[in-house]
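Undergrad: Let's see this in three dimensions:
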Amino acid sequence: MITDGRRFHLSAFQLNTLNLDGGKGVKNIFWHHKEIVDLYDKCKMERALPIFDGLDMDVFSKLKAIYLL
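TA: Numbers count the residues shown, from 1 in each chain. Purely as a prediction, here's the structure:
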């Protein structure tokens, strides 16, 4: 995963075996999201109040799934 805190390029690798020559049985898994996605629309201070708006729950769910692998 690559991020600047707002935009995310999501990917995950699951190592299931070290047998890279085997054609059968358990496989390693790599997944990535082709586009860079925004986690939220707005996060700033206005008149000394924090403003957070537009949380993308789909992106949040993907982040949670990557961390729980």
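Undergrad: Could you report the distance from the residue located most distally from the centre of the chain to D53?
TA: Within the chain, R47 marks the point farthest from the mean C-alpha position, 32.1 Å out by C-alpha atoms, centre = their mean. Distance, R47 to D53, using C-beta to C-beta, to the nearest Å: 15 Å. Bear in mind the C-beta positions are built from the backbone N, C-alpha and C, glycine included.
Undergrad: one step back: just the pLDDT at the residue farthest from the centre of the chain, thanks.
TA: On pLDDT, R47 comes in at 91.
Undergrad: Now for it: which residues touch it?
TA: By C-beta atoms under 8 Å, 6 or more residues apart in numbering, the contact set of R47 is empty.
Undergrad: What ranges in the protein fall below the confidence cut-off?
TA: Residues of the chain meeting the criterion pLDDT under 70: 69.
Undergrad: now do 80
TA: Within the chain, the ranges that satisfy pLDDT under 80 run 1, 22-23, 69.
Undergrad: So which residues of it form helices?
TA: Using DSSP state H, the helices of the chain run over 57-67.
Undergrad: Next, the residue farthest from the centre of the chain: phi, psi?
TA: Backbone torsions for R47, taken as degrees, to the nearest 10, come to phi 50, psi 40.
Undergrad: which residue packs closest to T17, ignoring adjacent ones?
TA: Using C-beta to C-beta, 6 or more residues apart in numbering and skipping the chain neighbours, the partner closest in space to T17 is V26 (4.6 Å).
Undergrad: Ignore what I typed, I meant V37.
TA: V59 (4.9 Å).
Undergrad: I'd guessed that neighbour sits against E35; true?
TA: No: taking contacts as C-beta atoms under 8 Å, V59 lies outside contact range of E35: 10.6 Å.
Undergrad: So between these two, which is more surrounded?
TA: Each of V59 and E35 has its neighbours counted (other C-beta atoms under 10 Å); V59 has more, 17 against 8.
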